[in-house]
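Asks: Quick one, what's the 3D model for this:
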Amino acid sequence: MTVRGALVAAATMLAVATGAQVASAAEVDFAPCASCHGENGVSYNVDTPSLAGQPSFYAITQLFLFRAGRRTNPLMTEMARPMSDADLRAYSELIGRLPPAPPAPGVPADPARMKRGAALAEQHRCTTCHGADLAGAKQVPRLAGQREEYLARALAEFRSGARIGYTPAMNETLTGLGAPELGDLAHYIAHASTLTGVAPAASAASR
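Replies: Residues are numbered from 1 along each chain as shown. As a prediction, the model looks like this:
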């Protein structure tokens, strides 16, 4: 088994763990998270992701990777390192209960970039995993309402291999894309995810 596989397997076992030793989401305080990620999980801080609406399975996997040092962010690693398995599960459950919310105000949508980004999203089948409404599910993160600059950084990290996912899918999908293309894709996702009643790629492509 690869290192990635071992880590994912461990995170999966942790996510489905049950028992009296597992803390309740009601027993943890969201305040330390809110100081960066915003009240109710809606971030107003540049380059800091929103947590609102993220699936608990995805959240616990990321917390596990931070604790194991497999995701690079000094602050998050420092926060996660002393957490017990029960803590990871309780915080992930708390995050999973945060209702989806409109994103913080950002850069207005640029029609030309939206068109290019929509084409990239369709070409690379973003909605196949993340859903037509980009809401994600289980181990797949919610993209709807996410900050644009965070999306751009995350995409760049997946492309370079600096960041690992639940599977190699993101790393493989983004291979060969340049910085301008990643920027257009992030711009499109950040804005198309606020549209309602229609799949993002179809809506943006029709502009």
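Asks: Name the nearest residue to A104, sequence neighbours excluded.
Replies: Nearest residue to A104, sequence neighbours excluded (C-beta to C-beta, 6 or more residues apart in numbering): Y44, at 4.7 Å. Any C-beta I mention is one placed from the backbone N, CA and C, and that applies to glycine too.
Asks: Does that neighbour touch G106 like I think?
Replies: No. Using C-beta atoms under 8 Å, Y44 makes no contact with G106, being 9.9 Å away.
Asks: Let me see the ranges of the strands in this protein.
Replies: Ranges of strands in the chain, per DSSP state E: none exist.
Asks: Poorly predicted segments of it, please.
Replies: The chain contains residues with pLDDT under 70 at 1-27, 194-207.
Asks: Try it again at 90.
Replies: 1-29, 46-47, 70-72, 101-107, 145, 164-167, 192-207 (pLDDT under 90).
Asks: Spatially central residue in the chain, please.
Replies: In the chain, the residue lying closest to the centroid (C-alpha atoms, centre = their mean) is P141, at 4.3 Å.
Asks: For it, give me its contacts.
Replies: Residues near P141 by C-beta atoms under 8 Å, 6 or more residues apart in numbering: Q54, P55, Y58, H130.
Asks: how many other residues sit next to the last one?
Replies: This points to H130. Neighbours of H130 under the rule other C-beta atoms under 10 Å: 21.
Asks: what does A154 give?
Replies: Neighbours of A154 (other C-beta under 10 Å): 21.
Asks: That one reaches R163, doesn't it?
Replies: Yes. Counting by C-beta under 8 Å, A154 does reach R163; the two are 6.8 Å apart.
Asks: Now do the helices in this protein.
Replies: For the chain, applying DSSP state H gives helices covering 3-15, 31-37, 56-67, 74-80, 85-96, 111-123, 126-130, 148-160, 169-173, 179-192, 200-205.
Asks: Quick one, which of those gets closest to T48.
Replies: Among the helices of the chain, helix 31-37 comes nearest to T48, with 5.2 Å by C-beta to C-beta.
Asks: got the buried residues for that closest one?
Replies: C33, H37 (16 or more other C-beta atoms under 10 Å).
Asks: Spatially nearest residue to A144, not counting backbone neighbours?
Replies: What sits nearest to A144 in space, not counting adjacent residues and going by C-beta to C-beta, 6+ apart, is S193, at 3.5 Å.
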